[in-house]
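Peer 1: Sequence and predicted structure are below.
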Amino acid sequence: MWTREILGTDVYHLVSAFIVYSILGWFVESIYMSFCNRKLTNRGFAKGPFCPIYGFGGVLGYLILHPLHNNVVALYLTGAFLATAFEFLVGKLMIRTLGELWWDYNNKPFNYKGIICLESTVAWGFYAVIIITFLHGKIIGFIDWYNPTFGIIVCRIILLLMAIDYCMQLYKVLHVQIKAQREKLIDKYQTFKARWY
């Protein structure tokens, strides 16, 4: 499985890059938001330093945008558009499935429903250029620095810890939502009962 290729890159390098981008994204966003909030801020859903949206965005962005690496303007514009569309879709999915959004751009100018904003779109374009022209090569070099057998073990451990962490957080969120729904049903029943009895 680990040696199977997808669009010219083996699964081991894709999974490893996903992990690195997820951790790097968490650090960058948590540092930025800690600075903005003037207090330490964990920007991940889980307790650990892992934001899979950045992992998926980094890996998918590389696979899709790599052919544009010689045209910086096209790379910037395409990266900005695709990342904004991805952020919008993830935001809508979160609202639909979890009932909440983990970021809020309502206070930013030129935002759409607090899910996307112009400031982030501009930043996504720069991130696309940085990832394709510089960062991805460094990440692959870091991954190749380790023996693949050791790297696969590390990937499995990190993914297992991340899965446990996310399952625990998801359980907490769903438990709170179920409890809230149950309380609403009880209130409706009490109102109905008081009206008719």
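Peer 2: Received it, and whenever you're ready, just let me know what you need. Residues are numbered from 1 along each chain as shown.

Peer 1: How about the contacts made by the residue nearest the centre of the chain?
Peer 2: Most central residue of the chain, judged by C-alpha distance to the mean C-alpha position with CA atoms, centre = their mean, is I53 at 1.5 Å. By CB atoms under 8 Å, 6 or more residues apart in numbering, I53 lies in contact with 25, 86-87, 90. In this view, the C-beta of every residue, glycine as well, is placed from N, C-alpha and C.

Peer 1: switch the cut-off to 10 Å
Peer 2: Contacts were defined as CB atoms under 10 Å, 6 or more residues apart in numbering; by that measure I53 touches 21-22, 25-26, 29, 44-45, 86-87, 90-91, 94, 102-103.

Peer 1: Look up how far L65 lies from it.
Peer 2: Distance of I53 to L65, given as CB to CB, to the nearest Å: 17 Å.

Peer 1: Show me what secondary structure element comes after the one helix or strand M94 maps to.
Peer 2: For M94, the element it lies in under DSSP states H and E is helix 72-98. Using DSSP H and E, the helix or strand that follows helix 72-98 in sequence is strand 111-112.

Peer 1: Run the chain-centre distance for that next one.
Peer 2: 19 Å (CA atoms, centre = their mean, to the nearest Å).

Peer 1: For it, name the packing helices and strands.
Peer 2: Strand 111-112 is packed against helix 72-98, helix 118-130, with contacts defined by 3 or more CB pairs under 10 Å, 6 or more residues apart in numbering; DSSP states H and E.

Peer 1: I'd like the average pLDDT over the following helix or strand past the last one.
Peer 2: Right, the one you point to is helix 118-130. Toward the C-terminal end, the helix or strand that comes next after helix 118-130 (DSSP H and E) is helix 136-144. Averaging pLDDT along helix 136-144 yields 92.

Peer 1: And stretch 24-38, by the same measure?
Peer 2: Stretch 24-38 shows a mean pLDDT of 84 in the predicted model.

Peer 1: Equivalent analysis for stretch 104-117, please.
Peer 2: The average of the pLDDT scores along stretch 104-117 is 92.

Peer 1: again with stretch 147-155
Peer 2: Model confidence over stretch 147-155 averages 92 on the pLDDT scale.
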